[in-house]
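**Q** Give me coordinates for this.
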Amino acid sequence: MKPLLVPSTFGVLAAFSLFGLAGCTPAATTVQSASTAQAPNPAPAMAATPAPEPKPAPLPQPETKPELPATVVLDGTVLKHTTAGWKLGPQGRTAIHQAAVWIRAQGPGATLVVTGYSSSTGTPAQNLAVSRHRAEFIAQALNNEGVALGKITVQGRGAEKAIASNATREGRLKNERVEVSFQNP
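**A** Model prediction:
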């Protein structure tokens, strides 16, 4: 007798009653369930997947430095002379801060040249002294922002290189200036 393939236990019991095998126990018959009739196909052996190869390390990028800025000019409208010395207005403080950030980012070789100028209202010796004091004040402001004094060269030029007429107050304020120039190594 050929085994009867029945898909479930309920089907086995139905087969017993259908073929008059009600008094038999399932263990005494040759009826097989679908799960035992065929051996399940073994799952294909999973080949061990190789570990992904590590990505190569990125090539080192050359260090980028901020572009060399233009000369910063702090004239008499930003750098004011008071009886106690010099005073920087808000625009001047911002310019000094930005110059300090740039020079610190450049590394050890970059320097600043701080050159003071004056109007021609005094004697040449007075104008030279006043222009030097202006430049020293700005150098100290840069130092207060973290720029080492060794990176700063201070010069006083007096009334030379006037950029406006000394005949008007506005012209004198333009001539009474400090120029901060950047030197890259």
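
**Q** From here on, just use CA atoms for contacts and neighbour counts.
**A** Noted.

**Q** How about residue 156, nearest residue that isn't a chain neighbour?
**A** With sequence-adjacent residues excluded and distances taken as CA to CA, 6 or more residues apart in numbering, residue 156 is closest to residue 132, at 3.8 Å.

**Q** Which helix or which strand is home to the one you found?
**A** helix 124-144 (DSSP states H and E).

**Q** For the residue nearest to residue 156, give its distance to residue 107.
**A** 27 Å (CA to CA, to the nearest Å).

**Q** is it true that residue 176 touches residue 120?
**A** No: using CA atoms under 8 Å as the test, residue 176 is too far from residue 120 to be in contact (9.1 Å).

**Q** Looking only at neighbour counts, state which of the two leads.
**A** The residue with more neighbours, out of residue 176 and residue 120, is residue 176; 29 against 20, by other CA atoms under 10 Å.

**Q** residue boundaries of the helices in the chain?
**A** 9-18, 34-37, 90-106, 124-144, 169-175 (DSSP state H).

**Q** who wins for proximity to residue 158 among those helices?
**A** Among the helices of the chain, the nearest to residue 158 by CA to CA is helix 124-144 (3.8 Å).

**Q** I'd like to know which elements the closest one is packed against.
**A** helix 90-106, strand 111-116, strand 152-156, strand 178-183 (3 or more CA pairs under 8 Å, 6 or more residues apart in numbering; DSSP states H and E).

**Q** could you dump those to CSV with mean pLDDT and mean neighbour count?
**A** Below are these laid out as CSV (pLDDT from 0 to 100; neighbours: other CA atoms under 10 Å):
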stretch, mean pLDDT, mean neighbour count
helix 90-106, 88, 17
strand 111-116, 93, 24
strand 152-156, 95, 20
strand 178-183, 90, 21
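
**Q** These: which one's closest to residue 136?
**A** strand 152-156 (6.4 Å).

**Q** Contacts made by that closest one with the rest, please.
**A** 111-117, 128-133, 135-136, 139 (CA atoms under 8 Å, 6 or more residues apart in numbering).

**Q** CA atoms only: put it into PDB for me.
**A** Extracted C-alpha coordinates of strand 152-156, given in PDB (Å, rounded to 0.1, in the frame of the first residue of the first chain):
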ATOM      1  CA  ILE A 152      54.600  93.100  14.700                       C
ATOM      2  CA  THR A 153      56.900  95.800  13.200                       C
ATOM      3  CA  VAL A 154      56.000  99.300  14.300                       C
ATOM      4  CA  GLN A 155      56.900 102.400  12.200                       C
ATOM      5  CA  GLY A 156      56.200 106.100  12.400                       C
END
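
**Q** quick one: low-confidence parts of this protein?
**A** 1-48, 61-69, 83, 185 (pLDDT under 70).

**Q** Could you list the domains of it?
**A** 5-37, 72-183 (automatic domain parsing).
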